[in-house]
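Asker: give me the fold of what follows.
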Amino acid sequence: MEDIIENSDQFVSDVIEDVWDNNVPSQKSAYIQEIEPLYFNLNGLQVPKDSLTMLDLFCGAGGFSVGASWAGFFPVFGIDYLAPAVSTWSANHPDSICCLGDIRQTDAKHIKTLLSGKSVKHINLIAGGVPCQGFSIANRKHNDNDQRNFLFLEYMKFVKVFDPDYIILENVSGMRSTAGGQFEQNIIANMQSLDYTVTVRIVNAVEYGVPQYRQRLVFVGVKNGKQLSDKYEFPTGEFADTSKQRTVNAAIADLPPLGNNEATDKYSTDPTSDYQKLMRGEGNIAIPKPDKLNNHIAPNHPAETIEKIASTPQGMPMYPKFKQRIRLAENAPSPTQLAGGIRPQFQFGHPTQPRGLSIRERARIQSFPDSYVFRGGIVQERVLTGNAVPPLMIYEIAKPIYADIKRRDTEAKNV
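Answerer: Below is the predicted model:
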């Protein structure tokens, strides 16, 4: 029987004590746990009455769970093999079950039995951000045979067992060209073999109100024969017009200025844009207001780094050999935020302050609200924010899915 842990804090702190191991192969983090799956909050699952349910596979920091919950879904279960990801996800979803472990060592039938014992009889949606390092052109060691490229098959095992109404899978846009398009076609074929009608599109998060250019390849499947829509249609992004796109300034300008290695948990100004209000729980989506400002800590830079950032014009690279490490332009959306590998340096310089971004600023650029707390220390929190799918993008994608399932259920009740 797989082990059960009710409180993840001590376990995660033990794991992240050793942040670097020279014996770990390149591109393999010491935070990845090759152990029997461990369950957190197993006895604390509380599903809101009449809510739609979802599983979050490869959950990471929780971008899918956050965005889909705004649309009306409740994440009953999340799984990831990175300890800081599980610590972050479980802390922000205290009424849900989370699992730390390799999905390849997790039995989907066991998870279904576990959830059925908690009165969860049906899953409406399975979402998953399959690890993308094998497909990403940002990974200089990416290759077609990377074992991570085949993890979508583990995702499909859960789909086969749970038979949800809808499925969503996302990855970097580079998946489309990997192995001559073979992976994209294999995923479509696998989904179709389980009787899903599949729609695939490269979406850019900036078109859905995220202050960041971030292209993702998204697969949405709708189960045939369940009185649902015949085919999913991606919503038109309200911010597709470049003149409407949200800028870095609109995203983070209200956050307090910080000196080197300085931190604050208090706001110093009121929000000045609709997006800032949204992130602070004052917008048109039901988002909790934060009790304090979380994760707003400036990096501890040496003097030469501070000087380097200060002397770099906005929108330009800070280092000639690393073109992706730029000082952000305040009046444009951010470029794609990256995780940066096992020990990532700061990627972006603040547009008006001589420092790298705080985790809160990175979270804002990804559309995580200020009430969402990241755990694991600044290095791993950069990984979490860089790898995450933007919640606001998922919210827009999930809204028509929620509406379709509710329509189906309402019509069934009226028959």
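Asker: which outside residues touch the helix or strand hosting A189?
Answerer: If you go by DSSP states H and E, A189 is part of helix 182-193. Helix 182-193 is contacted by residues 135, 149, 152-153, 156, 159, 167, 169, 175-176, 198, 200, 217, 219, 221 when judged by C-beta atoms under 8 Å, 6 or more residues apart in numbering. The C-beta positions use only the backbone N, C-alpha and C, and glycine is treated the same way.
Asker: looking at it, I79 is touching G62, isn't it?
Answerer: No: the criterion here is C-beta atoms under 8 Å, and I79 misses it with G62 at 11.6 Å.
Asker: settle it for me: which of those two has more neighbours?
Answerer: G62 (30 against 26; other C-beta atoms under 10 Å).
Asker: what about the closest residue to that one other than its chain neighbours, how many neighbours?
Answerer: Among residues not flanking G62 along the chain, W89 sits closest, at 4.6 Å (C-beta to C-beta, 6 or more residues apart in numbering). Look at W89: counted by other C-beta under 10 Å, it has 29 neighbours.
Asker: residue contacts, W89?
Answerer: If you count contacts by C-beta under 8 Å, 6+ apart, W89 has them with D56, C59, G60, A61, G62, S65, G78, D80, C98.
Asker: hmm, 7 Å instead?
Answerer: For W89, the contact set (C-beta atoms under 7 Å, 6 or more residues apart in numbering) comprises C59, A61, G62, G78, D80, C98.
Asker: mind listing the helices for the stretch 51-200 of the chain?
Answerer: Using DSSP state H, counting those that start in this stretch, the helices of the stretch 51-200 of the chain run over 63-71, 83-92, 108-116, 152-162, 182-193.
Asker: just the angle between the longest one and helix 152-162, please?
Answerer: On the basis of axes from the mean of the first three to the mean of the last three C-alpha atoms, to 10 degrees, helix 182-193 is oriented at 10 degrees to helix 152-162.
Asker: for this protein, give me the ranges with low pLDDT.
Answerer: Within the chain, the segments meeting pLDDT under 70 span 1-35, 132-150, 177-179, 340-344.
Asker: at 90 instead, please
Answerer: Applying pLDDT under 90 to the chain flags residues 1-36, 49-50, 130-152, 172-184, 320-324, 339-346, 413-415.
Asker: and the longest helix seen in it with helix 63-71, angle?
Answerer: Longest helix in the chain by number of residues (criterion: DSSP state H): helix 391-414. If you take the same axes, to 10 degrees, helix 391-414 sits at 50 degrees to helix 63-71.
Asker: what's helix 391-414 packed up against?
Answerer: Using 3 or more C-beta pairs under 7 Å, 6 or more residues apart in numbering; DSSP states H and E as the contact test, the elements touching helix 391-414 are helix 63-71.
Asker: please enumerate the strands of the stretch 101-250 of the chain.
Answerer: Using DSSP state E, counting those that start in this stretch, the strands of the stretch 101-250 of the chain run over 125-129, 166-172, 196-204, 215-223.
Asker: so how far is the second one off the chain centroid?
Answerer: Between the mean C-alpha point of strand 166-172 and the mean C-alpha point of its chain there is a distance of 12 Å (C-alpha atoms, centre = their mean, to the nearest Å).
Asker: that one: partners in the sheet, and parallel or antiparallel?
Answerer: Looking at strand 166-172 with DSSP bridges, its partner strands are strand 125-129 (parallel), strand 215-223 (antiparallel).
Asker: dump that strand to CSV, restricted to CA.
Answerer: Provided in CSV are the C-alpha atoms of strand 166-172 (Å, rounded to 0.1, in the frame of the first residue of the first chain):
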residue,chain,number,x,y,z
TYR,A,166,-13.4,16.6,-21.2
ILE,A,167,-9.7,16.3,-21.3
ILE,A,168,-7.1,19.1,-21.7
LEU,A,169,-3.4,18.5,-22.3
GLU,A,170,-0.9,21.3,-23.0
ASN,A,171,2.8,21.6,-23.9
VAL,A,172,5.2,24.0,-25.5
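Asker: which residues sit against that strand?
Answerer: Outside strand 166-172, the residues that reach it (C-beta under 7 Å, 6+ apart) are 124-130, 132, 135-136, 152, 155, 159, 187, 191, 196, 216-223, 389, 397, 401.
Asker: for the shortest one, same thing?
Answerer: Contact with strand 125-129 is made by 52, 54-58, 60, 64, 68, 73, 155, 158-159, 162, 164-170, 389, 401, as judged by C-beta under 7 Å, 6+ apart.
Asker: repeat that for 8 Å
Answerer: For strand 125-129, contacts defined as C-beta under 8 Å, 6+ apart pick out 52-60, 63-65, 68, 73, 152, 155, 158-159, 162, 164-171, 387-389, 394, 398, 401.
Asker: before we move on, the earlier item: can I get the helices of the stretch 51-200 of the chain in CSV including distance to I287?
Answerer: Below are the helices of the stretch 51-200 of the chain laid out as CSV (distance: least, C-beta to C-beta, whole Å):
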stretch, distance to I287
helix 63-71, 7
helix 83-92, 12
helix 108-116, 26
helix 152-162, 28
helix 182-193, 32
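Asker: nearest to A298, of the ones you listed?
Answerer: Closest to A298 of these is helix 83-92 (C-beta to C-beta; 20.1 Å).
Asker: so the nearest residue to P257 once chain neighbours are set aside versus L328, what's the distance?
Answerer: Leaving out its chain neighbours, the residue that sits closest to P257 by C-beta to C-beta, 6+ apart is Q353, at 5.8 Å. Going from Q353 to L328 by C-beta to C-beta, to the nearest Å gives 11 Å.
Asker: try T305
Answerer: Distance of T305 to L328, given as C-beta to C-beta: 16 Å.
Asker: which of the helices of the stretch 51-200 of the chain sits closest to A412?
Answerer: Once the helices of the stretch 51-200 of the chain are compared by C-beta to C-beta, helix 152-162 is nearest, at 19.7 Å.
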